[in-house]
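**Student:** Sequence first, then the predicted structure, then my questions.
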Amino acid sequence: MGRHSLPDGYTAEGAGDAPPRRRRTVAIATMLVLAVAAGTAVAAQGGLLSFSESCEDSAVRLSVAASPDIAPAVRAVADQARADEVRSDGHCLYVEVAARDSYKVADALARGDKAPDYEVWLPDSDLWLDRAMGNGDGIPVAPGDSVASSPVALAMVPSASRTLGWPRKTYSWAELVASAMQSDKVRLGAADPARSATGLLALASIGASSDEQGGDSDTRVAETAKVLAQRMSDSDAHVLETLAQDSSGAEEGNPRRNQAVLLSEQAAFTHNADSTGGGKLDLFYPKDGTPLLNYPYALVNEPELTTNESRAALRFMTLLRSESSQRTLAKRGFRTADGTAGTSVVASAGGRKPQPYATSAAAPPSAAALQETLGMWTITVQSARLTTVVDASGSMATLVPGRGQSRMDVTKASLIQALSQFTPNDEIGLWEFATTLDGSKDYRKLMPTRRLGDTAKGGATHREALAAAFAALQPVPNGATGLYDTTLASYKEALSTYVKGKFNALVILTDGSNQDPRSISRSALIDQLKTLTDPARPVPILAIAVGPDADREEVADIAEVTGGGGYQVTDPAEIQAVILQAIMTAGQSGHAAGE
């Protein structure tokens, strides 16, 4: 996803070999600060600025929303800056730091329905920046550089780590998790990947590692997700509370007590600092690389910031990367932004040779890989019930540039590929639509919404019958797009057949706007959807505009009424990834989980 510009049009160029998901702006920020300092010196010599005025009178005030783990260290740096009367453009720098969960900030910024009360955001991972940017309709976020890092590892109480050969035995991510799951003495827990960067990065790493092993990787990762879901915690802080408290790792009668948890090195450092004896944790660092929490520094709603606020924010970013501030961060268990750590940090966190704690960090997963992982988590942990509604109008016969296939052919292949991501307990159905497709109706039900593992006619499974139905879809010659009537009819049925405890949703794919002059109007459709939506039976519409002729804004307006969203793909081959992204996004919104 794209990045917004830094203040005053500065951008991060010449990043060299730096990972593409990180924006190396420190040189730019430094030049800016030096330029500001030089200008300030000239102004002071000319008597334009007075350094005799009190800090209270001249201060530039900033509010920082920081991830709870790094907030205390950032607050310590801010307090010291205030005590030292650190200045920006001659103005004292007063920074207030509030601890806020990264996922909550990301979701609020993506919604964009309320102006933020902070100018700087410091989440624990840049994956939250991508989530905050969403479809580009929310509050703008301008990323700066990382100010710290912490690798994601697997922490165990001593009794459990010894059963797996710690510290001498090393494992890949897939091997380590498989060994932990196979041991009767190790119960494994994690924070919800939808709310925890640690949990999501670890799950993505397990998936990538499993792919390297070959075989049925998807099944193995889904099984891991199922196990983690049984002992899932809402946040990283809560997952620590699930750990067994005594040296034996046992608290009989309480199945929520874990002997192993997916955790950041810094979280283990903090836990160990507050523990004694057998309460301390040992860390396994997988040999195929540990992903990093990278704590990106970002300006929020930059167009609304004053020049003084923008420059003060960059001044504070530079201050956080200074040698003295890095010492403050290290004392609280953080590594430098490039992943370098002193032995005291590692040892205090529970690392010991020959565990590969100094190995280069794993390459960060792409935004698409993270979306796919989170989509897999959602449909694995909470079974899905989806009705898929596919545009069969004549325009679906249009060739996709560079492919030699029609939009319909590429759409069918992508849907069949997406089908493989769902479990036998998931329920999926199929409708098609085009004008006068079924008498006076613009739509036709081809397959009922049933469990993929159920037996269909002829002895095949519903999954196999549905795949065949996808493959048989054909554009209707001269058929136009009957979008509005189809949306209303399919939504009413999805509501009437709602299944409690599943992720219920309506997936609509269309390559054009409504073309049926006899149909309900757009405004009337939206009004009816507003009336039909029921918080007790949430069914978000996930509308995907396929191709350059489709109108994402139109489908988004319709979908958002139901708690869903609109998406655009220029190539129908992207449909699989977008469906998983849409499921993940709707699941995070809280509209899709009926209790």
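**Tutor:** Cool, the structure landed.

**Student:** C-alpha coordinates for stretch 544-562, PDB please?
**Tutor:** C-alpha atoms of stretch 544-562 as PDB (Å, rounded to 0.1, in the frame of the first residue of the first chain):
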ATOM      1  CA  ILE A 544     -15.900  -6.500  -5.100                       C
ATOM      2  CA  ALA A 545     -15.800  -4.300  -8.200                       C
ATOM      3  CA  VAL A 546     -14.100  -6.300 -11.000                       C
ATOM      4  CA  GLY A 547     -12.300  -4.500 -13.800                       C
ATOM      5  CA  PRO A 548     -11.900  -0.900 -14.900                       C
ATOM      6  CA  ASP A 549     -15.600  -0.400 -15.700                       C
ATOM      7  CA  ALA A 550     -16.800  -1.300 -12.200                       C
ATOM      8  CA  ASP A 551     -17.700   1.400  -9.700                       C
ATOM      9  CA  ARG A 552     -16.000   0.800  -6.300                       C
ATOM     10  CA  GLU A 553     -17.700   3.800  -4.800                       C
ATOM     11  CA  GLU A 554     -21.100   2.600  -5.700                       C
ATOM     12  CA  VAL A 555     -20.600  -0.900  -4.300                       C
ATOM     13  CA  ALA A 556     -18.900   0.500  -1.200                       C
ATOM     14  CA  ASP A 557     -21.900   2.800  -0.500                       C
ATOM     15  CA  ILE A 558     -24.200  -0.200  -0.600                       C
ATOM     16  CA  ALA A 559     -22.000  -2.500   1.300                       C
ATOM     17  CA  GLU A 560     -21.000  -0.200   4.100                       C
ATOM     18  CA  VAL A 561     -24.700   0.200   5.200                       C
ATOM     19  CA  THR A 562     -24.500  -3.500   6.300                       C
END
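
**Student:** quick thing: my sequence starts at 797, can you match it?
**Tutor:** Right, with 797 as the first residue, what we last looked at is stretch 1340-1358.

**Student:** What separation is there between residue 891 and residue 915?
**Tutor:** 9 Å (CB to CB, to the nearest Å). C-betas here are computed from N, CA, C, even on glycine.

**Student:** Which neighbours do the two have in common?
**Tutor:** Shared contacts of residue 891 and residue 915, defined by CB atoms under 8 Å, 6 or more residues apart in numbering, are found at 858-860.

**Student:** from these, which single one is nearest residue 1106?
**Tutor:** residue 858 (10.0 Å; CB to CB).

**Student:** Against residue 928, how distant is that closest one?
**Tutor:** 19 Å.

**Student:** Those two - which one has more neighbours?
**Tutor:** Using other CB atoms under 10 Å as the criterion, residue 858 and residue 928 rank with residue 928 on top: 26 against 23.

**Student:** thinking the more buried one is in contact with residue 902, fair?
**Tutor:** Yes: judged on CB atoms under 8 Å, residue 928 makes contact with residue 902 at a distance of 4.3 Å.

**Student:** Quick check: neighbours shared by the two?
**Tutor:** Counting by CB under 8 Å, 6+ apart, nothing touches both residue 928 and residue 902.

**Student:** In terms of secondary structure, what does the helix or strand harbouring residue 939 contact?
**Tutor:** Assigned by DSSP states H and E, residue 939 falls within strand 937-942. Packed against strand 937-942, as judged by 3 or more CB pairs under 8 Å, 6 or more residues apart in numbering; DSSP states H and E, are the following elements: helix 822-841, helix 923-929, strand 1092-1096, helix 1103-1116.

**Student:** hmm, try it at 10 Å
**Tutor:** Here strand 937-942 touches helix 822-841, helix 898-907, strand 916-918, helix 923-929, strand 1092-1096, helix 1103-1116, going by 3 or more CB pairs under 10 Å, 6 or more residues apart in numbering; DSSP states H and E.

**Student:** which of those has the lowest average pLDDT?
**Tutor:** Lowest mean pLDDT within the helices and strands packed on strand 937-942: helix 822-841, at a mean of 39.

**Student:** do you know how far the residue nearest to residue 1144 when sequence neighbours are not counted is from residue 922?
**Tutor:** Closest residue to residue 1144 apart from its sequence neighbours, by CB to CB, 6 or more residues apart in numbering: residue 1065 at 5.3 Å. Residue 1065 is 22 Å from residue 922, where distance means CB to CB.

**Student:** what does residue 1141 give?
**Tutor:** With CB to CB as the criterion, residue 1141 and residue 922 are 22 Å apart.

**Student:** Equivalent analysis for residue 1149, please.
**Tutor:** In terms of CB to CB, residue 1149 sits 30 Å off from residue 922.

**Student:** neighbour count winner among those two?
**Tutor:** Between residue 1149 and residue 922, counted using other CB under 10 Å, the more crowded position is residue 922 (23 against 12).

**Student:** Just confirm the more buried one contacts residue 1133, I think it does.
**Tutor:** No: using CB atoms under 10 Å, residue 922 makes no contact with residue 1133, being 11.6 Å away.

**Student:** hey, what's in contact with both of these two?
**Tutor:** Jointly contacting residue 922 and residue 1133 under the rule CB atoms under 10 Å, 6 or more residues apart in numbering are 818, 942, 1090-1092.
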